[in-house]
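Novice: After the sequence you'll find the predicted model.
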There are 2 protein chains.
Amino acid sequence: MARKRQNRLPPPGPETASAPDDDAPIYARIRDEFAAKIATGKLKDGSKLPTVRELAKERSINPMTVSRAYRELAERGFITARPGSGSYVSRPGRNAANGRAQTTAEPSIDPGGISSRLFELARAPGVIAFTGNYPSVEMSDAAAFARCLQESLARGATEYFRYDPPAGREELREALLPFLAEHGIVTRADDLIVTSGGQQGMDIVARHLLARGDRVILEQPAYFGAINVVRAAGAVPIPLRFGPNGFDLNEVADAIRKHNPRLIIINPTFQNPTGHSVPLDQRRGLVDLARENGIPILEDDPSPELRFRGQPLPPLRALPGGNEVVYYTRGFGKTFIPGVRLGFLLPPRGGLHGCLEIKATTDLQSPALLQGALADYLRRTDWQTYLKRLRLGYGERQEELFDILTATLGEYGSLALPDGGLNLWLELPGEISAREVYFNAVRRGVAFAVADSFSFRPERPSALRIAFGLTDPKDYAEGASRLAHVLRNVVSPQRSLSSAVV
Amino acid sequence: MARKRQNRLPPPGPETASAPDDDAPIYARIRDEFAAKIATGKLKDGSKLPTVRELAKERSINPMTVSRAYRELAERGFITARPGSGSYVSRPGRNAANGRAQTTAEPSIDPGGISSRLFELARAPGVIAFTGNYPSVEMSDAAAFARCLQESLARGATEYFRYDPPAGREELREALLPFLAEHGIVTRADDLIVTSGGQQGMDIVARHLLARGDRVILEQPAYFGAINVVRAAGAVPIPLRFGPNGFDLNEVADAIRKHNPRLIIINPTFQNPTGHSVPLDQRRGLVDLARENGIPILEDDPSPELRFRGQPLPPLRALPGGNEVVYYTRGFGKTFIPGVRLGFLLPPRGGLHGCLEIKATTDLQSPALLQGALADYLRRTDWQTYLKRLRLGYGERQEELFDILTATLGEYGSLALPDGGLNLWLELPGEISAREVYFNAVRRGVAFAVADSFSFRPERPSALRIAFGLTDPKDYAEGASRLAHVLRNVVSPQRSLSSAVV
């Protein structure tokens, strides 16, 4: 169970953060200025931007500079250029690309672009990024995997450069069986589909099961990748409130009666973004409800190994009857090797053929060389030893960051300490706009993801996801201090940045 | 322009082909026996199979053996098991997996499973497989690519095991620019999306542009991967007759008036499966029609470098106005490195953002390590020299196979000699069922793809795709002889196999 603390704000300390975008090129500053105005609603949807000439004249800069800023805003979906008329703030839910209504039922903060944004921020110089919820290359087993790759290539790459069956290489599917058995899942190699990461597993299941207008029970908040696959299928998400104690089974039963959903999507262990886990009784209850009502469950389980305390919880797929209703999927990026883009999908028996067809339609197969190296890795290296080291290292980091954040942020947030995973979920007082915090924080040199990215409801929770997979522990204190500074300024915007410094 | 010949059948020679599936396990023989009966319509859709016990008793075999055969038939979508009732031949267009109507408007020969089938056949011992329309590892530049991979790993794999932006690595998008310029396509790195093969590029465009019920003009016959993405989007393909002289622009104009299509899909150079190319005037005309009517074109261009004779033809994207309407996509498997599963998509400017969102939803990004190695390969190795060698080698093979086939098959088929690519398209007399030829051929030890796999029309053309990328030239004569034998038997089924041998 998660511990929860609320602390008082400490006296403000000296402000050491430099605003890194003061050094950014002018076009980037204009781009980010307008992006912030649009994202925070200061520029309304559909309103017209100044023309390139007007803005260039007003600021005494080159029109090419404005033009580049506008182009990048358009490419990120913030604005739409109408030839002969000018540039307008894009209306959410419309696809700027071809003017056709998108499948998104509600506005969202640049859902496809959010990943791009996270990458950019995490790599910008001077920014302390709490955006990576996967192990750093140094902490991960990437070196061992690279050795497997090199050995595969040295043996002769011939077999890896042919086409393979869509289900994936048999050697990898075989190697996954003992790995799955560790989590209590007993299955056959022929029941598995190798995927290009956990994201693809979710997308395949959504495409297989959902038609336009279908209802899907989805935890709220939810991983944006899950929201995206539901929307891309044209389906409508029905929110299931998800918190430190999991969810309410009665709410699920009500939603089933009311909405006749075609699918339930859940990330039950160290959930992304909150870090919370679903207790065992709720897991059992959910599988029973799904079986009684004939509703499949998509279980996204990216990092069950990252447990720092408490007893392991079985995946839904391993529970009695789980193999009848649960589509179990995961990638290897969040626990083992970031960026390898491999994972697998284990459908219930009846779902295999349909999912395989979609896998073939999507990309024919995942890359054989990487599959071969991952099979090697799972067979030969001692990943249990690696996992112990990983848990020890990140367990310490999690506690350290938690202590610093609670001490630094105090009254501005409420923080839970999950039993595992690389995310902390900072809930802000209702009057604070997480989106405004986000845009100000970027300017102050600290980055994270905001609740908006994990929400499909118009009423957005005010919370931040603090992910610490890639952050150097030496930067925890400074990052927390920058964030506290931003929160103070968002709450009391009349105080200027300089006057806030004591 | 393609040469076309029709020859007379030579006198039948000695039959040397062993039927390789005589050595197959019993379950596999039962599986293939029923698959053939279903595929050829001898077992009707919806009809009931004997129960496991009945069949086991009838043939004096173990019920487990029958059970395994039925399970594999169910997994391949041939039959559906109804608990408590028995096994039934699946009704086409229904998804056996969940009983929900599929997006396929018409029956097709196991569209998702066709790739699995091709792989199985190509690797079965004793089978002469004309199924690979991509260079063999020995002919391809896989060794050079493997060296690029090894060097990337040796330099330190750190940067390749992080997450990357969905659009792909900048180094690869930059390296693609001179490559594209060779084909007359001038663009910017920021306009490109790296994809997991050409198949993914097509799937992204279909998901971006199409809604359920939308009409799509699609060449007939067409690559089954293109048919699949149209169907997966729930769209309806409108056939455009495609032959040795390309297509008829008036037919396109008519289809636009009649059907108000949302997209035109075309593979204009060395088309898969026919090998035919679209002449320049039709390319220009199609781009003009698309612009006038505001209909985007998806141009699939997997192997323009495989030209053995004739003048190069520019891709549609390189023609005047092409950059306004053409989504240009290709993979690197068909010309450079089979199985690398990388390609790119170049949308028109307005389509970039939407396609990028779908790329992120599909699999977040393509594997960074492979992207880095491909960038290296394109930058550093002399792929122009490699292409010359490839063209020389396969150009000779194409002529040799063409001569053998025309001499051996004679009256049973009409064969064109395309200007490039690794496919020959053997059109059979109307009374011959290509599907029946297929199933008999597999039993006689020769494999290819049938027109059914490339068709979305109920009236299926009778033709075979003879792909020679992986076939040893030493096997050409024997493969042609086995095929001739099968054709004779399909045409005159009253003659038994043995009596057909002189």
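Specialist: Structure received. Bear in mind the structure is a predicted one, so any value in this text is a computation, not a measurement.
Novice: what helices or strands is the longest helix seen in chain A leaning on?
Specialist: If each helix of chain A is counted by residues according to DSSP state H, the longest one is helix A:383-409. Identification of packing neighbours for helix A:383-409 by 3 or more CB pairs under 8 Å, 6 or more residues apart in numbering or on different chains; DSSP states H and E yields strand A:414-417, strand A:423-427, strand A:463-468, helix A:476-491. Every C-beta, even on glycine, is put in place using the N, C-alpha and C of the backbone.
Novice: Could you work out which of those reaches nearest to chain B?
Specialist: Chain B sits nearest to strand A:463-468 of all the helices and strands packed on helix A:383-409, at 11.9 Å, using CB to the nearest CB.
Novice: and the direction of the closest one versus that of strand A:423-427, what angle?
Specialist: Orientation check (axes from the mean of the first three to the mean of the last three CA atoms, to 10 degrees): strand A:463-468 against strand A:423-427 gives 150 degrees.
Novice: now strand A:463-468 and helix A:383-409, what's the angle there?
Specialist: Using the same axes, to 10 degrees: strand A:463-468 against helix A:383-409 is 130 degrees.
Novice: Can you list the strands that strand A:463-468 pairs with?
Specialist: Within its sheet, and counting by DSSP bridges, strand A:463-468 is paired with strand A:131-132 (parallel), strand A:423-427 (antiparallel), strand A:449-450 (antiparallel).
Novice: Quick check: which of those is buried the most?
Specialist: Most buried of the strands paired with strand A:463-468, by mean neighbour count (mean count of other CB atoms under 10 Å in any protein chain shown): strand A:449-450, with a mean of 26.
Novice: So, low pLDDT: which residues of chain A?
Specialist: Low-confidence segments of chain A, defined by pLDDT under 70, are located at A:1-24, A:36, A:39-41, A:76-77, A:91-124, A:157, A:459, A:492-502.
Novice: residue with max distance from the center of it?
Specialist: Most distant residue from the mean C-alpha position of chain A: A:K57, 40.8 Å away (CA atoms, centre = their mean).
Novice: Buried residues, the helix or strand where that residue lies. List them.
Specialist: Using DSSP states H and E, A:K57 maps to helix A:52-59. Neighbour-count burial for helix A:52-59 flags A:V52, A:L55, A:A56 (criterion: 16 or more other CB atoms under 10 Å in any protein chain shown).
Novice: name the helices or strands packed onto that helix?
Specialist: helix A:63-75.
Novice: For the helix it packs on, give me every contacting residue.
Specialist: Contacts to helix A:63-75, defined as CB atoms under 8 Å, 6 or more residues apart in numbering or on different chains, come from residues A:26-28, A:30-31, A:34-35, A:38, A:49, A:52-53, A:55-56, A:59, A:79-81, A:87, A:96, B:190, B:352-353.
Novice: mind running it again at 7 Å?
Specialist: A:26-27, A:30-31, A:34-35, A:52-53, A:55-56, A:79-81, A:87, A:96, B:352-353 (CB atoms under 7 Å, 6 or more residues apart in numbering or on different chains).
Novice: Give me the distance between the helix or strand following it and the centre of its chain.
Specialist: Toward the C-terminus, helix A:63-75 is succeeded by strand A:79-82 as the next helix or strand (DSSP H and E). Centre-to-centre, strand A:79-82 and its host chain are 28 Å apart (CA atoms, centre = their mean, to the nearest Å).
Novice: got the contact list for strand A:79-82?
Specialist: A:L49, A:Y70, A:L73, A:A74, A:S87, A:Y88, A:V89, A:S90, A:A96.
Novice: Going by distance to chain B, which of those residues wins?
Specialist: Minimum distance to chain B across the contacts of strand A:79-82 is 5.9 Å, recorded for A:A96 (CB to the nearest CB).
Novice: In the stretch 201-350 of chain A, what residue spans correspond to helices?
Specialist: Applying DSSP state H, counting those that start in this stretch to the stretch 201-350 of chain A gives helices spanning A:224-232, A:249-259, A:280-293, A:322-325.
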